[in-house]
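Novice: Here is a sequence with its predicted model. Questions after.
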Number of protein chains: 2
Amino acid sequence: MSDAVDPAVAAYVTGLAENAREASRRLALMPRAEKDAALLVLADAVDAATSQLLEANADDLERGLSAGMPESLQDRLRLDADRVAAVAQALRDVAALPDPVGEVVRGSTLANGLQIRQVRVPMGVIGMIYEARPNVTVDAAGLCLKSGNAVILRGGSAAGATNHALVTALRDSLAAQGLPPDAVVLLEEGGRDAARALMTARGYVDLVIPRGGADLIQTVVRESTVPVIETGIGVCHVYVDRAADLQMAEAITLNAKTHRPSVCNAAESLLVHRDVAGDFLPKVIAALAGSGVRLHVAPEIQGYAAAAGAAYDLASETDFATEWHGLELSVALVADLDDALRRIRQFGTGHTEAIVTDDRSAARRFTAEVDAAVVMVNASTRFTDGGEFGFGAEIGISTQKLHARGPMALPELTTTKWIVEGDGHVR
Amino acid sequence: MSDAVDPAVAAYVTGLAENAREASRRLALMPRAEKDAALLVLADAVDAATSQLLEANADDLERGLSAGMPESLQDRLRLDADRVAAVAQALRDVAALPDPVGEVVRGSTLANGLQIRQVRVPMGVIGMIYEARPNVTVDAAGLCLKSGNAVILRGGSAAGATNHALVTALRDSLAAQGLPPDAVVLLEEGGRDAARALMTARGYVDLVIPRGGADLIQTVVRESTVPVIETGIGVCHVYVDRAADLQMAEAITLNAKTHRPSVCNAAESLLVHRDVAGDFLPKVIAALAGSGVRLHVAPEIQGYAAAAGAAYDLASETDFATEWHGLELSVALVADLDDALRRIRQFGTGHTEAIVTDDRSAARRFTAEVDAAVVMVNASTRFTDGGEFGFGAEIGISTQKLHARGPMALPELTTTKWIVEGDGHVR
C-alpha cells in the first residue's frame, strides 16, 4: 500500500491524457495510407534532428557519467549518428507493416438475419513506462501511431534530455503535417508520482505496458489499476533430454546463453538428464567456459565443473530462479522428464522453455505440459522475438496470459468492436 | 488503499488455489471427449441432488427473508425443480459446444525452416467473484471445465448453503469419475478477506472475473493485482437519428428498455435528433408510459412528457449516467450526430450503443466513432448476448478492451502458447 499521488501531479497527468484521448480519436479514423505517409515524414524529421539529438544525448551521458552510471547503462543510453539513423529507419519499417486496424476477426449472419462482425480497432491511449533506452521512445511512438493509438511515454529520467529532443522532433513533425501532436506525449514532470498517476488513470489510459527490469515491472503490476501487459522477465531453461542429439544440445545451449546474454530470451538455466550427464557435461562445460560463462552448479555437477577448469560456484536455491542478464548459467541434473517439468514449473517465469530431444513422445509431453509463452523443441530460446517470428516489429514480450502472450506486435496494440447491423430487429 | 488481508485467510486461499492449480494441470491435458463425458455426468449429479439443493436453497431464502432481503434478490436466489433442471441442462449444453483448447490460431514456417504455431491453451486457475445467483456457480464450473481451467468460486454469502450443496454435488461427482474434485473450489471461509485474498493471489490465480453490480466490479478492479476482466455495467443509449424510420425507432426503443429491464444490455438513455422530436416523442413517450416506464427528461422534453401524461421528472446530470436496472429511462434531445456522439462519450460505459437511421453515412460514422464493445445499427441493444451471438454460452459481457470485449464465451477463457519446432536451430 503506498501513499496517495500528489493531486497536482495527478491533474497534470490526466490533463495530458485528455489531450492524448482527443488525438487518439483522430488517429483511430486515419486510413492506412495516411498513417504510413505520416510515419515516413516522422522518420525524416528524426534524421533531420540528428545534431540536436546527439547534443541532448551528450548532456544525458555527461549527467550519467558524473552520477557514476555503469558502462552497460551508458551503452543503452548512448546515441550516435548510426543509432539515430537506425531509430529513423525503424519508423520506415513500421510504415511498411500491414495495418491491423479494420481487420474483420470473425463474423456471421445470425438465424434472424442480424449481421454481426468483430472488427479490430485501436485501444485508444497507451501508456509506456520504460527505462533509459531512447530507441523505445521512437519505436513505441511509431507502433502506437500505426495501430491508431495515442501514446503517453514515461521514460527513465537518465534519458530525459534525449527523450525531450526525440519527442519534440516527433511532435513538431506531426503538427507540421496537420496531425495532432498529442498523439505522442512525454511525461516530463512529477517524478515517480507521475508514473504512478499514469498507472492509476483509469478511464484516461486504456493500457499500460512496462518495459524494463523486474523491479519496474513488478511495481507497475502491483500499483496499476489501468490494465497492464506484463513483459519480459525470462528465467528460460534448456532441458537436455536423455534422447537428445548431444552435439545439437551443445550448440543450442551455447547459442541460448552466449548469443546475447543480456536479453530476456537468453537461457539462464541448463537441466541435464542424468543418463547423458557423463557424455554431455564435460563437453558443454568446456564450451561454456571457453565462452567465458560462469556456472552456478548443483552439487552433483561440481566434479564436472572442476574437471573442466570452469569458473563456477555452488548454486543456491535462489540462483535457479535468477535472470543473470550476463554470462552466467545455473546447471542441474534431473532424474527424468517429470523432474525437468517440475523444476520448470518451480523456477520458470513463463517466458521461453526449450527441450532438446529426438524422442517424439518426450517432445509432445514437454510442449503440452510446459506452461510458458513459447515452448521450443530443438531450437534456441533466442528465437522468441517479434522480428524472428516475422512480425516485423515488437513492442515487448508478454509473459502474462491475458490479451497477449509471447512477442507482441501491432495486433496486440488493438482491441475489437462488434458491429451489428439489423433491419429493425428486436427480441 | 485498504488494510492488509488476514494472513490466516490468505494462507487458506492460496492453499485452495494450489489444489486448484494441481487439478488444472490434469484438466489442461484432457481431450474433448473426456471433458464432455464428465460434463454430462455432472449434469446428472445436479439432477440427482435436486432435493438436497432445494432444501439448502430454502435455508438461504429463510435466512434472507428474516434479514429483509428484497423480493428481486429473493427471486435471483430462488431455486425450484424447474430451475435446478435448467442448471443441469446448461452443463449438457456446454458439453455440446466446440472445445477451444488446441485450436491453432495462426502459424507458419519461417524462412530458416523453424515451424511456429500459436495454440489455444487453458488459462489455468480462474477466480469468479459474484453475487447470490446459484446458476452462475454451475455455469462457471461448466464453462471452466470445458475450457480446461480449474475455477475458484466466491459467491454471495446469501447463497452460501445453496452454493455449498451445488459444489458438493459437483465435487463428489468429479471424485466418483476419478477426476480431481479441486477442479471446482468454493471459497466458504474468511468473509470479505477471502475475496480480497483471491484478487491478490498473483501466481496462484491467472484471471479474476467479477460478475454483479457496479460496486462489486469496481472493488475488484481497484483491489485486484491478478488480471481482471471487467464485466457488465451498461449505460446503453438508443440514438434516434434525423433519418430514422420512426416506427422502427419506437419498436427498438421499447424493446431495448422493456424486454428485460434489469439486465446490462437494456437501454438506459434515449437520444432523439431534434428535427424528429415533434413526430417521434409523442408516440414513443405514450408507448413507454403505456409499458410503465418512468422518464427522466431533459428540460426540452418536459412538455412532451406532460402532454402524454407520462410519469416523469426532470433529469439531473447523474441521471444520464445511471444504469436504472428497471423501467426507467433518461431522455434528451441532440442537435446532430456529433452531439449524440459527444453524449455517448460522456455518459456511455462502452457496453452497447445503438443508432436508428436510414442514412448510410450517419450509420458509418456512428459505427466508426462510437467506442463500445458493441455498436448496433437498426437493432435493439438487447442483442448483445453470447446466446444471441451464437456462442452457445456466456460467462459475462466484457466492457474492457484488454483480452475480451463484448460477450465472452469459451475462447475468452483461454490463452495461447507458441510452439516452435526446429532441427537444432540457433541464431
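Specialist: Cool, got the structure. Numbering: from 1, shown residues only, chains lettered A, B, ... in the order given.
Novice: Counting neighbours, what do you get for A:Ala48?
Specialist: 13 (other C-beta atoms under 10 Å in any protein chain shown). No exception for glycine: its C-beta is placed from N, CA and C like everyone else's.
Novice: Likewise for A:Ala86?
Specialist: With other C-beta under 10 Å as criterion, A:Ala86 counts 14.
Novice: where does it fall, helix, sheet strand or coil?
Specialist: Look at A:Ala86: counting by DSSP: H, G, I helix; E, B strand; the rest coil, its state is helix.
Novice: Which residue, other than its chain neighbours, is closest to it?
Specialist: A:Asn135 (7.4 Å; C-beta to C-beta, 6 or more residues apart in numbering or on different chains).
Novice: Could I get the contacting residues of the one you found?
Specialist: A:Arg83, A:Ala86, A:Val87, A:Ala90 (C-beta atoms under 8 Å, 6 or more residues apart in numbering or on different chains).
Novice: what does stretch A:241-248 rub up against?
Specialist: So stretch A:241-248 is contacted by A:240, A:273, A:275-276, A:279-280, A:283, A:336-337, A:340, A:355-359, A:362, A:378, B:424 (C-beta under 8 Å, 6+ apart).
Novice: For stretch A:48-68, the averaged confidence score.
Specialist: Averaged across stretch A:48-68, the pLDDT comes to 97.
Novice: what's next to it, contact-wise?
Specialist: Around stretch A:48-68, the neighbours that count as contacts under C-beta under 8 Å, 6+ apart are A:46, A:73-74, A:77-81, A:84-85, A:132, A:134, A:158-162, A:164-166, A:168-169.
Novice: moving C-terminal of the one helix or strand A:Gln302 maps to, what's the next helix or strand?
Specialist: Under the criterion of DSSP states H and E, A:Gln302 resides in helix A:302-307. Toward the C-terminus, helix A:302-307 is succeeded by strand A:312-314 as the next helix or strand (DSSP H and E).
Novice: Just the ones of the contacts of stretch A:48-68 in helices?
Specialist: Here DSSP state H is the test, and the contacts of stretch A:48-68 give A:46, A:73-74, A:77, A:81, A:84-85, A:134, A:160-162, A:164-166, A:168-169 as lying in helices.
Novice: Return the item of the residues you listed having minimum pLDDT.
Specialist: For the ones in helices among the contacts of stretch A:48-68, the weakest pLDDT value sits at A:Leu73, with 87.
Novice: Identify the single longest strand in chain A, thanks.
Specialist: Identified as the longest strand of chain A according to DSSP state E is strand A:414-425.
Novice: What is that strand packed up against?
Specialist: Counting contacts by 3 or more C-beta pairs under 8 Å, 6 or more residues apart in numbering or on different chains; DSSP states H and E, strand A:414-425 packs against strand A:115-122, helix B:246-258, strand B:374-379, strand B:406-408.
Novice: 7 Å instead?
Specialist: Where contact means 3 or more C-beta pairs under 7 Å, 6 or more residues apart in numbering or on different chains; DSSP states H and E, strand A:414-425 is packed against strand A:115-122, helix B:246-258, strand B:374-379.
Novice: For it, give the mean pLDDT please.
Specialist: Mean predicted lDDT for strand A:414-425 stands at 98.
Novice: swap in stretch A:212-227?
Specialist: 87.
Novice: What lies in contact with that stretch?
Specialist: Residues outside stretch A:212-227 that contact it (C-beta atoms under 7 Å, 6 or more residues apart in numbering or on different chains): A:2, A:127, A:129-131, A:196, A:199-202, A:205, A:207-208, A:210, A:228, A:230-233, B:221-222, B:225, B:400, B:402.
Novice: hmm, which of these are the buried ones?
Specialist: Among these, those buried by neighbour count (16 or more other C-beta atoms under 10 Å in any protein chain shown) are A:127, A:129-131, A:196, A:199-201, A:205, A:207-208, A:210, A:228, A:230-233, B:221, B:225, B:400, B:402.
Novice: Let's see which of the residues you listed end up in helices.
Specialist: Here DSSP H is the test, and the buried ones among the contacts of stretch A:212-227 give A:Arg196, A:Met199, B:Val221 as lying in helices.
Novice: Just send the residues you listed back as a markdown table, with distance to A:Ala289 too.
Specialist: Listed next are these as a markdown table, based on distance: C-beta to C-beta, whole Å:
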| residue | distance to A:Ala289 |
| --- | --- |
| A:Arg196 | 45 |
| A:Met199 | 44 |
| B:Val221 | 51 |
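Novice: SS state for the closest residue to A:Phe366 other than its chain neighbours?
Specialist: Spatial nearest neighbour of A:Phe366, chain neighbours left out: A:Ile355 (4.3 Å); criterion: C-beta to C-beta, 6+ apart. The three-state assignment at A:Ile355 reads strand, by three-state DSSP.
Novice: What count of nearby residues applies to A:Ile355?
Specialist: A:Ile355: 30 surrounding residues under other C-beta under 10 Å.
Novice: hey, what's A:Leu314 bridged with?
Specialist: Counting by DSSP bridges, A:Leu314 forms beta bridges with A:Val297.
Novice: Neighbours of it, how many?
Specialist: Counted with other C-beta under 10 Å, A:Leu314 comes out at 13.
Novice: now do the one 10 residues further on
Specialist: Per other C-beta under 10 Å, the neighbour tally for A:Trp324 reads 20.
Novice: Now do the residue lying closest to it once chain neighbours are set aside: how many residues are near it, please.
Specialist: Closest residue to A:Trp324 apart from its sequence neighbours, by C-beta to C-beta, 6+ apart: A:Glu268 at 5.4 Å. As a burial measure, A:Glu268 scores 29 neighbours (other C-beta under 10 Å).
Novice: pretty sure A:His296 contacts A:Asp313?
Specialist: Yes - if you go by C-beta atoms under 7 Å, A:His296 and A:Asp313 touch, sitting 5.9 Å apart.
Novice: Could you pull up phi and psi at A:Leu29?
Specialist: Main-chain dihedrals, A:Leu29, degrees, to the nearest 10: phi -100, psi 0.
Novice: can you list the residues of the stretch 251-400 of chain A near chain B?
Specialist: Neighbours of chain B within the stretch 251-400 of chain A, by C-beta under 7 Å from any C-beta of the partner chain: A:251-252, A:255, A:259, A:367-368, A:371-380, A:382-383, A:389-390, A:400.
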